[in-house]
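K.L.:
Sequence first, then the predicted structure:
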Amino acid sequence: MTIRDSLIRVLHEYNQARHLPHAGNHLAAFIRHDIPQTITDTLELGERYKIKGSPGNGNWATIPWVAIFDRLITENAQGGYYLVFLFREDLSGVYLSLNQGVTTVREQYRADARSALRARTSDFLAQLGDESDSFECGPIDLKTTAELGLDYEAGSICARFYSRDAIPDEPALIGDLTHLLRLYFLLTDKAIRISHVEREDDEGPLGEEDLRLLRTHKRIERNQQLAKMAKTIHGYTCMVCNIDFGTVYGDIGKGYIEAHHLTPLGSLKGQKVTLDARKDFAVLCSNCHRMIHRSDLINDITTFKEKHYKRS
């Protein structure tokens, strides 16, 4: 099934489906699993991007969605910004929107959340400049009175609307997806470039491009889900000095270690960054992690240990 066929199925079947039990429903499973897999197979985005569909959690969502998350920014719809198909409440159409996570904004701004979302939209659009001119910029119309839906409306940065009776052909949809993914990547790249206002010790007098790559590397390492997976796979003993914090410090050190991304910095350019917790990560203690970042062997634990670790 194509992306186009998937959107059409949801638009034509969701209204009837939401009058049926949510648990075990075929359309709910289709939104959660089949559509994300179709997008994955079509776009071949790699591990950097996570794709998730939601017909609601336990109950039918007023506005079902299917989102593409850049793991360097967010892995869920609660925070950051992401690309998402948002279906109108009346199912008269669907938006493809570069949108914002609303939960964290609600927590920070409370009653002024929508004003904050609109202000953040203006900032994002200013960063994109005329790159977003071919899309509808600013708030969208999801034909809803639901609070979360109104937040989605306010959080849209730029979007394309597809009427239920005029869904474009597959190449046009893929073209819009590819274009908005590029805008998503541009915002992510800008965020990485300006992150860490105060340079960390290992950043030194680097050129702008090398500094961006190092900060991309650090953002990958600080992804909580990837770091947790890497530690579960590789354990909690430093691969260089063999320290186990639990053995040395007792309960306060139990389960403590840092995840280190092994991919060479030069290969972090572009959108297809590999993020395999087993192959692309090691685990290091705080000292060894800091030292390997000061070396030119960021992706070679064995040689780093032979060359630089002196303690027997």
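P.N.:
In hand now; what should we look at?

K.L.:
hang on, residue 70 packs against residue 188?
P.N.:
Yes: contact status for residue 70 versus residue 188: in contact at 5.4 Å, counting by Cβ atoms under 8 Å. Heads up, the C-betas are built off the backbone N, CA and C, glycines and all.

K.L.:
Could you check which of these two is surrounded by more residues?
P.N.:
In this view residue 70 and residue 188 are compared by other Cβ atoms under 10 Å, and residue 70 has more residues nearby, 23 against 19.

K.L.:
Could you report the pLDDT at the more buried one?
P.N.:
pLDDT for residue 70: 92.

K.L.:
Which strands or helices does the worst-scoring helix or strand of the chain on mean pLDDT pack on?
P.N.:
Lowest by mean pLDDT, DSSP states H and E among the helices and strands of the chain is helix 208-221, with a mean of 75. When contacts are defined as 3 or more Cβ pairs under 8 Å, 6 or more residues apart in numbering; DSSP states H and E, helix 208-221 sits against helix 170-194, strand 258-261.

K.L.:
Only alpha carbons, please: show that helix as CSV.
P.N.:
The C-alpha coordinates for helix 208-221 follow below in CSV (Å, rounded to 0.1, in the frame of the first residue of the first chain):
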residue,chain,number,x,y,z
GLU,A,208,32.7,26.1,12.6
GLU,A,209,32.1,22.9,10.7
ASP,A,210,34.2,20.7,13.0
LEU,A,211,32.4,22.2,16.0
ARG,A,212,29.0,21.4,14.5
LEU,A,213,30.0,17.8,13.9
LEU,A,214,31.3,17.5,17.4
ARG,A,215,28.0,18.9,18.8
THR,A,216,26.0,16.6,16.6
HIS,A,217,28.1,13.7,18.0
LYS,A,218,27.3,14.9,21.6
ARG,A,219,23.6,15.3,20.9
ILE,A,220,23.5,11.7,19.7
GLU,A,221,25.3,10.5,22.8
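
K.L.:
could you give the angle of it to helix 170-194?
P.N.:
100 degrees (axes from the mean of the first three to the mean of the last three Cα atoms, to 10 degrees).

K.L.:
List the buried residues for the helix or strand following helix 208-221?
P.N.:
Counting by DSSP states H and E, the next helix or strand C-terminal to helix 208-221 is helix 224-234. Buried residues in helix 224-234, counted by 16 or more other Cβ atoms under 10 Å: 226-227, 229-231, 234.

K.L.:
Now for these: which two are most distant?
P.N.:
The largest separation in these, counting by Cβ to Cβ, is between 226 and 234 at 12.0 Å.

K.L.:
Need the overlap of contacts for these two.
P.N.:
Residues touching both residue 226 and residue 234 by Cβ atoms under 8 Å, 6 or more residues apart in numbering: residue 281.

K.L.:
one step back: list the buried residues of the least confident helix or strand of the chain.
P.N.:
Of the residues in helix 208-221, those buried (16+ other Cβ under 10 Å) are 211-221.

K.L.:
now do stretch 44-63
P.N.:
Buried residues in stretch 44-63, defined by neighbour count with 16+ other Cβ under 10 Å: 45, 48-56, 60-63.

K.L.:
Tell me which of those fall in strands.
P.N.:
49-54 (DSSP state E).

K.L.:
Let me have the residues you listed in JSON lines, extended by pLDDT and distance to residue 130.
P.N.:
Shown next, in JSON lines, are these (pLDDT from 0 to 100; distance: Cβ to Cβ, whole Å):
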{"residue": "49", "pLDDT": "92", "distance to residue 130": "25"}
{"residue": "50", "pLDDT": "93", "distance to residue 130": "29"}
{"residue": "51", "pLDDT": "96", "distance to residue 130": "28"}
{"residue": "52", "pLDDT": "97", "distance to residue 130": "31"}
{"residue": "53", "pLDDT": "98", "distance to residue 130": "32"}
{"residue": "54", "pLDDT": "97", "distance to residue 130": "33"}
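
K.L.:
all helices in this structure, in order from the N-terminus.
P.N.:
3-17, 26-29, 35-43, 103-109, 113-128, 147-155, 170-194, 208-221, 224-234, 245-249, 286-294, 301-308 (DSSP state H).

K.L.:
now for the fifth one, which elements pack on it?
P.N.:
Here helix 113-128 touches strand 93-100, helix 103-109, helix 147-155, helix 170-194, going by 3+ Cβ pairs under 8 Å, 6+ apart.

K.L.:
Now do the first one: distance to the chain's middle.
P.N.:
It refers to strand 93-100. 16 Å (Cα atoms, centre = their mean, to the nearest Å).

K.L.:
ditto for stretch 52-72
P.N.:
With Cα atoms, centre = their mean, you get 13 Å for stretch 52-72.

K.L.:
Just the CA atoms of that stretch, as PDB, please.
P.N.:
The C-alpha coordinates for stretch 52-72 follow below in PDB (Å, rounded to 0.1, in the frame of the first residue of the first chain):
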ATOM      1  CA  LYS A  52       5.100   6.600  14.900                       C
ATOM      2  CA  GLY A  53       1.300   6.600  14.300                       C
ATOM      3  CA  SER A  54      -1.300   7.200  16.900                       C
ATOM      4  CA  PRO A  55      -5.100   6.600  16.800                       C
ATOM      5  CA  GLY A  56      -5.200   7.400  20.500                       C
ATOM      6  CA  ASN A  57      -4.000   5.600  23.600                       C
ATOM      7  CA  GLY A  58      -6.700   3.400  25.000                       C
ATOM      8  CA  ASN A  59      -9.400   5.600  23.500                       C
ATOM      9  CA  TRP A  60      -9.900   7.000  20.000                       C
ATOM     10  CA  ALA A  61      -8.000  10.200  19.300                       C
ATOM     11  CA  THR A  62     -10.000  13.200  18.200                       C
ATOM     12  CA  ILE A  63      -7.200  13.900  15.700                       C
ATOM     13  CA  PRO A  64      -5.200  10.800  14.700                       C
ATOM     14  CA  TRP A  65      -1.700  11.400  13.500                       C
ATOM     15  CA  VAL A  66       1.400   9.800  12.000                       C
ATOM     16  CA  ALA A  67       4.700  11.600  12.800                       C
ATOM     17  CA  ILE A  68       8.400  11.500  11.800                       C
ATOM     18  CA  PHE A  69      10.700  12.400  14.700                       C
ATOM     19  CA  ASP A  70      14.400  13.300  14.200                       C
ATOM     20  CA  ARG A  71      16.000  11.600  17.200                       C
ATOM     21  CA  LEU A  72      18.400  14.400  17.600                       C
END
